[in-house]
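Peer 1: Give me a 3D structure for the following:
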Amino acid sequence: MMKKILFLASLFTALAYGDVRFAQPEPSIDKPREVVMGISGGDDASIHHGLSTANNVLKFYGPEKIHLRIVAYYHGIRTLLKSEKDIAVRVRALQQYGVEFVACGNTMETKKITEDQLIDDVEIVSAGIAEVIERTHEGAFYIQP
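Peer 2: Got it, this is the predicted structure:
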């Protein structure tokens, strides 16, 4: 019985992910894929596309095999505002799966956004683009949806 279950599980995995060959070493709980993503567009389509991309990456790898950090800067800072109710719901849902959100302090200063206007548990860095550069230098993959 156990062999049947394992066979069916491996068959399902092969069918579900048969088109993607993992690079070695494969992502694991001990060594998740490190990914940093930027959101700089402030229109609904750009923001929702970025959040959908994050969701798709989470679904593919599983939250335990990916460490995803989303940096919002320029007009994309809108992603992290409490006042954007529909967007905030999606951000909070991704946070529940371990996705980290980072706000650009320079953008906040330019746009006169205060910390209390941000969704809870958002990290603020002085320069969002520098955060992206530093995380990629550490080895994170950079994606810009």
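
Peer 1: drop to CA atoms for contacts and neighbour counts, all remaining ones
Peer 2: Will do.

Peer 1: what comes up buried for stretch 130-141?
Peer 2: 131-132, 135-136, 140 (16 or more other CA atoms under 10 Å).

Peer 1: same deal with stretch 118-128?
Peer 2: 118-119, 122, 124, 127-128.

Peer 1: tell me the mean pLDDT for the helix or strand harbouring residue 92?
Peer 2: Using DSSP states H and E, the element containing residue 92 is helix 85-96. Average pLDDT, helix 85-96: 97.

Peer 1: Quick one: name whatever helix or strand follows that helix.
Peer 2: strand 100-104.

Peer 1: gap between that following strand and the chain center?
Peer 2: Centroid displacement of strand 100-104 relative to its chain, using CA atoms, centre = their mean, to the nearest Å, is 10 Å.

Peer 1: contact partners of that strand?
Peer 2: The contact list for strand 100-104 (CA atoms under 8 Å, 6 or more residues apart in numbering) reads 68-74, 77, 80, 95, 121-129.
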